[in-house]
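S.K.: this one's structure only:
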């Protein structure tokens, strides 16, 4: 996990293309040879970053669906966890959004997980609409607006930027839920 | 301009790294040689895409600041135009968000324009808060949430996806403004 976090931080700071296995190895106190022992290449490292992040998001989203709570509370929990997963777990890495760099078969696996996650977000939105908690709208568009706001944090967040992941999660979930309440 | 649009579409469909000058040339009916006559390389093409997009956004944002209207109307105009600029003008290209691929000096120019644009977004948010139109909050965080939602459209929009840029702009501006209204 420490390796994935360091790789994610490198991808964030320098971009995927510009990050080398050598620097990632140095950041986790491994020789490049030892790093290659675990991960065949940079693309494999990116894949495991993305898989880790997708699995964490999905696991939490499934939990959220089982909550005995209002749809508002469910959506708030989804947004909060998504921000924390993006900013804490993988150091605000753009790793989970750099899709293009993955080879086809692996890309398909990540996309399947992402699709399942997005379907849960839409289910919470349409659930809240049907229950009369949320204003009517297109769950797909609204879900993409929410995911965009949250995923974009990986582009601007810096650990020394003055706002904690928890603070950002609170601000975002308030705002993004508020726009839906009747 | 047609060249920039085609390049933007290629960057969107295949990613910046995977798009070649040769394919871009073919898409605009130029020989690769003729394309190289206008643009030294792919990075230069990306720069002009980004500059074009940044200039359009800034020009409109300055107009919006001069509107004699409510802050709500100003914010709605900003979001609407940003969606249309992202999806129409540059074919929903991720071109304006692929920062890493630019060399230093050009990167700095684009970042300066982007910073000016973001400052205008924050000014509209804090203006609305001071006037009592918007709920209180952190204009920086809220601005980043809005820009994230809108910029992310470049990642998922497809011209054949069933929603027009105008439809997306309406849905997004309704939702993103609604979360701020008192």
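M.R.: Done, it's in. Keep in mind the model is a prediction, meaning the values are calculated, not measured.

S.K.: what comes up buried for the one helix or strand residue A:74 maps to?
M.R.: Assigned by DSSP states H and E, residue A:74 belongs to helix A:71-84. Counting neighbours by 16 or more other CB atoms under 10 Å in any protein chain shown, one finds that the buried residues in helix A:71-84 are A:71-72, A:74-84. (C-beta placed from N, C-alpha, C; glycine too.)

S.K.: Report the distance from it to the chain centre.
M.R.: When distances are taken as CA atoms, centre = their mean, to the nearest Å, helix A:71-84 is centred 12 Å away from the chain's centroid.

S.K.: by contact count, what packs against it?
M.R.: Applying 3 or more CB pairs under 8 Å, 6 or more residues apart in numbering or on different chains; DSSP states H and E, we find helix A:71-84 packed against helix A:42-66, helix A:104-130, helix A:139-156, helix A:165-178.

S.K.: Skip the chain neighbours and tell me the closest residue to residue A:10.
M.R.: Closest residue to residue A:10 apart from its sequence neighbours, by CB to CB, 6 or more residues apart in numbering or on different chains: residue A:19 at 4.2 Å.

S.K.: now residue A:123
M.R.: In this structure, residue A:123 finds its nearest non-sequential neighbour in residue A:65, 7.0 Å apart by CB to CB, 6+ apart.

S.K.: With residue A:110 as the reference, measure out to that neighbour.
M.R.: Separation of residue A:65 from residue A:110 (CB to CB, to the nearest Å): 21 Å.

S.K.: With residue A:163 instead?
M.R.: From residue A:163 to residue A:110 the distance is 28 Å (CB to CB).

S.K.: same thing with residue A:167?
M.R.: Applying CB to CB, the value for residue A:167 to residue A:110 is 29 Å.

S.K.: Likewise for residue A:20?
M.R.: 23 Å.

S.K.: who are the neighbours in contact with the residue nearest to residue A:10?
M.R.: Applying CB atoms under 8 Å, 6 or more residues apart in numbering or on different chains, we find residue A:19 in contact with A:7, A:10-11, A:13, A:42.

S.K.: what's the burial count for residue A:37?
M.R.: Residue A:37 has 10 neighbouring residues, counting by other CB atoms under 10 Å in any protein chain shown.

S.K.: what about it, which helix or strand?
M.R.: Under the criterion of DSSP H and E, residue A:37 resides in helix A:32-38.

S.K.: Now do that helix, average pLDDT.
M.R.: Taken as a whole, helix A:32-38 carries a mean pLDDT of 88.

S.K.: Buried residues, it. List them.
M.R.: In terms of neighbour count (16+ other CB under 10 Å), helix A:32-38 has its buried residues at residue A:35.

S.K.: Run through the neighbouring helices and strands of that helix.
M.R.: Counting contacts by 3+ CB pairs under 8 Å, 6+ apart, helix A:32-38 packs against helix A:21-27.

S.K.: hmm, the helix it packs on touching chain B?
M.R.: No - judged by CB under 8 Å from any CB of the partner chain, helix A:21-27 stays clear of chain B, getting no closer than 15.1 Å.

S.K.: Now do the buried residues in that helix.
M.R.: By neighbour count with 16+ other CB under 10 Å, helix A:21-27 contains the buried residues A:21, A:24-25, A:27.

S.K.: How much space separates the residue located most distally from the centre of chain A from chain B?
M.R.: Farthest-out residue of chain A from its mean C-alpha position, per CA atoms, centre = their mean: residue A:33, at 29.6 Å. Distance, residue A:33 to chain B, by CB to the nearest CB, to the nearest Å: 27 Å.

S.K.: One more: residue A:8?
M.R.: 15 Å.

S.K.: Spell out the secondary structure type for the residue nearest in space to the middle of chain A.
M.R.: The centroid of chain A falls nearest to residue A:86 when counting by CA atoms, centre = their mean (4.3 Å). With DSSP: H, G, I helix; E, B strand; the rest coil as the basis, residue A:86 sits in helix.

S.K.: That one reaches residue A:147, doesn't it?
M.R.: No - assessed by CB atoms under 8 Å, residue A:86 is found out of contact with residue A:147, at 10.5 Å.
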